[in-house]
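[1] give the three-dimensional model of this entry:
(chains A and B)
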Protein chains: 2
Amino acid sequence: MGEDEARACLAVAHRLADAVRPLGLRHFRSAALSVEDKSAADAAYDPVTQADREIERAMRDILATERPEDGILGEEYDARPSRSGITWVIDPIDGTRAFLCGLPNWGVLIAANDGARPVLGIMDQPFTGERFVGVLGGRATFEHRGAARGMATARTDRLSDALLCCTDPGVFGTAPERAAFDRMRERVRMTRYGTDCYGYALLAMGQVDLVVEASLKPVDIQALMPVIQAAGGLVTDWQGGDPQHGGQVVAAATETLHAAAISVLNGA
Amino acid sequence: MGEDEARACLAVAHRLADAVRPLGLRHFRSAALSVEDKSAADAAYDPVTQADREIERAMRDILATERPEDGILGEEYDARPSRSGITWVIDPIDGTRAFLCGLPNWGVLIAANDGARPVLGIMDQPFTGERFVGVLGGRATFEHRGAARGMATARTDRLSDALLCCTDPGVFGTAPERAAFDRMRERVRMTRYGTDCYGYALLAMGQVDLVVEASLKPVDIQALMPVIQAAGGLVTDWQGGDPQHGGQVVAAATETLHAAAISVLNGA
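    Model prediction:
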């Protein structure tokens, strides 16, 4: 992707994120969920699914107008094949469980993939007004209430100094995965659960040092890859390979820390 | 505590929360933590401890002027005995691990205890600008960016419909505690970790239905009790007794759900 094309795509990504902010907020902490009997309400009104669909539809409508040749890989509707080589990879609400609980730890994920890799990504948090942006080979920026600043990962090289994030111990579906994560927990300074996309965004910001997860979908990770990479971090699968297809993912603040994490995950 | 006294204390509690908002934010996501080597930085600058102390000192200063006869039970400094019968129970930063990670899931906790129980409480989140307020026998309110609204717990009666929050599986220090929590997790609709004071606040708001924890300190729970109780919820220890001294705590949206939770925690 050329520089002009990247700039154009980044502008589109911001417009997508801007457009859907009010949609997620309309359903977040909605009274309908909190007052009705949940089991009855489920059948009639599921705020997460509703918000998920509205957000993805709104983004698809904008892309159909502005980028009709590009493909779309989303969560709620069928993939649209790309005729331009570029595919938008979107997760309307990453962290649906956080959303359902009224916690702010969810985000709208938007990536543009050039056919080989995600080249730009946005994580937007409508409730707090935070936006984490990354362009591969370019800058990582944090925007909050009209102010923007660059982001860089922490210079943490040692596992024993590292703050580790993970969405939930339940993401590790197999006994070897659980054993690998347990080894990791024992080596780090601190582990924090309940983070979803926020963990990766805060790694880019230099606040946490490691994220280790499994069972991810491509839409869960692609938007976060350029954010982390542009901030100086690394994100791979547990073997050190390309993580864009999801599954087991490890993100780290530095090369040294990443190597140490890969080694622990694989049995060291 | 009479109505006039309660009103006066509530006004003081709001002033305390207002006064310390900028103090927490000054250290939250501070660059000093993110760029320096953490182990070296630790010795010189611990942003959580620094913020904790500044916030508690600021609140103690205000209380010394406005409520010189009242006692203070805090986290960082010695308890001040009460001459009025009223004691302020304050946790400058509940959720220090969230704070350290740059996550918004922390809060400033302020309670006024009349000698028998906490009669009013505030959970304030400076970064999001959220404030959860409760007056025992009065109202529970949620304030956010200049708007205020009443809060009520959800009407969830069945464990199988319940959203359960807990800060971390590590809060359960004994095998029986872990077994009790595992039984609970198996019975509920969903479990979310990483919540600290936010879980209790969102229970008052009707977003989640249960919080089950252990190893709490008095300052971790007292401010949250009036918030939950004024919203229609229940908060006790695992035996159904007074939770103000901390330890094992269960908070529930309804009486029926609370009874079911107590039963599961005690072996059913």
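[2] count of residues packed around the closest residue to chain B within chain A?
    Relative to chain B, the nearest point of chain A is A:G194 (2.2 Å; Cβ to the nearest Cβ). C-beta coordinates here come from the backbone N, C-alpha and C atoms, glycine included. If you count neighbours by other Cβ atoms under 10 Å in any protein chain shown, A:G194 ends up with 30.
[3] surely it touches A:V171?
    No. Applying Cβ atoms under 8 Å, one finds A:G194 not in contact with A:V171, separated by 11.6 Å.
[4] contact partners for A:G138?
    Neighbouring residues of A:G138 by Cβ atoms under 8 Å, 6 or more residues apart in numbering or on different chains: A:6, A:120, A:230.
[5] to clarify, my last question referred to A:E177.
    A:E177 neighbours (Cβ under 8 Å, 6+ apart): A:214, A:248.
[6] how about it, secondary structure?
    Three-state call for A:E177 (DSSP: H, G, I helix; E, B strand; the rest coil): helix.
[7] against B:P169, how distant is it?
    As defined by Cβ to Cβ, to the nearest Å, A:E177 lies at a distance of 17 Å from B:P169.
[8] next one: A:F142
    For A:F142, the distance to B:P169 (Cβ to Cβ) stands at 31 Å.
[9] who has more neighbours, the two?
    Remark: of A:F142 and B:P169, A:F142 carries more neighbours, 19 against 15, as counted by other Cβ under 10 Å.
[10] that one bridge partners, please.
    Counting by DSSP bridges, A:F142 forms beta bridges with A:F132, A:R149.
[11] for A:I93, which residues are in contact?
    Applying Cβ under 8 Å, 6+ apart, the residues near A:I93 are A:24, A:48, A:51-52, A:55, A:99, A:106-108.
[12] now do the one helix or strand it maps to: distance to the chain's middle.
    Counting by DSSP states H and E, the element that carries A:I93 is strand A:87-94. How far strand A:87-94 lies from its chain's middle: 9 Å, per Cα atoms, centre = their mean, to the nearest Å.
[13] partners of it in the sheet?
    strand A:71-73 (parallel), strand A:107-113 (antiparallel).
[14] closest one to B:G129 among those strands?
    Counting by Cβ to Cβ, B:G129 lies closest to strand A:107-113 out of the strands paired with strand A:87-94; the figure is 18.7 Å.
[15] heading C-terminal from the closest one, find the next helix or strand.
    Once the chain leaves strand A:107-113, the next helix or strand it forms, by DSSP H and E, is strand A:118-125.
[16] packing partners for the helix or strand where A:A6 lies?
    Using DSSP H and E, A:A6 falls within helix A:3-27. Here helix A:3-27 touches helix A:47-66, strand A:87-94, strand A:107-113, strand A:118-125, strand A:130-135, going by 3 or more Cβ pairs under 8 Å, 6 or more residues apart in numbering or on different chains; DSSP states H and E.
[17] A:E255: which of these is closest?
    Of the helices and strands packed on helix A:3-27, nearest to A:E255 by Cβ to Cβ is strand A:130-135, at 17.6 Å.
[18] buried residues in the closest one?
    Across strand A:130-135, burial judged by 16 or more other Cβ atoms under 10 Å in any protein chain shown covers A:130-135.
[19] quick check: mean pLDDT across it?
    Strand A:130-135 comes out with an average pLDDT of 98.
[20] got the contact list for it?
    A:6, A:10, A:13-14, A:17, A:119-125, A:140-144, A:151, A:201, A:204-205, A:225-231.
[21] and what of stretch A:50-64?
    Stretch A:50-64 has contacts (Cβ under 8 Å, 6+ apart) with A:12, A:15-16, A:19-20, A:23-24, A:26-28, A:70, A:72, A:74-77, A:80, A:88, A:90, A:92-93, A:96, A:99, A:108, A:110.
[22] picking that back up, in contact with the nearest residue to the residue of chain A closest to chain B once chain neighbours are set aside, which residues?
    Of all residues not flanking A:G194 in the chain, B:G194 sits nearest, at 2.2 Å (Cβ to Cβ, 6 or more residues apart in numbering or on different chains). By Cβ under 8 Å, 6+ apart, the residues touching B:G194 are A:105, A:192-195, B:98, B:103, B:105, B:167-168.
[23] for B:G194, phi and psi?
    Note on B:G194: backbone dihedrals following degrees, to the nearest 10 are phi 90, psi 30.
[24] then the one 4 residues further on?
    For B:Y198, the backbone dihedrals (degrees, to the nearest 10) come out as phi -60, psi -40.
[25] can I assume it is in contact with B:L103?
    No. B:Y198 lies out of contact with B:L103 (Cβ under 8 Å); the separation is 9.6 Å.
[26] which neighbours do those two share?
    Both B:Y198 and B:L103 are contacted by B:G95, under the criterion Cβ under 8 Å, 6+ apart.
[27] show me which residues of the stretch 51-200 of chain A are close to chain B?
    By Cβ under 8 Å from any Cβ of the partner chain, the residues of the stretch 51-200 of chain A that approach chain B are A:97-98, A:100-105, A:127-128, A:152, A:154-156, A:158, A:160-161, A:163, A:165, A:168-169, A:189-190, A:192-195, A:198.
[28] so of those, which ones are in helices?
    Judged by DSSP state H, helices contain the following of those: A:97-98, A:100-101, A:198.
[29] let's have these in JSON lines, adding neighbour count.
    Shown next, in JSON lines, are those (neighbours: other Cβ atoms under 10 Å in any protein chain shown):
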{"residue": "A:R97", "neighbour count": "18"}
{"residue": "A:A98", "neighbour count": "26"}
{"residue": "A:L100", "neighbour count": "22"}
{"residue": "A:C101", "neighbour count": "25"}
{"residue": "A:Y198", "neighbour count": "34"}
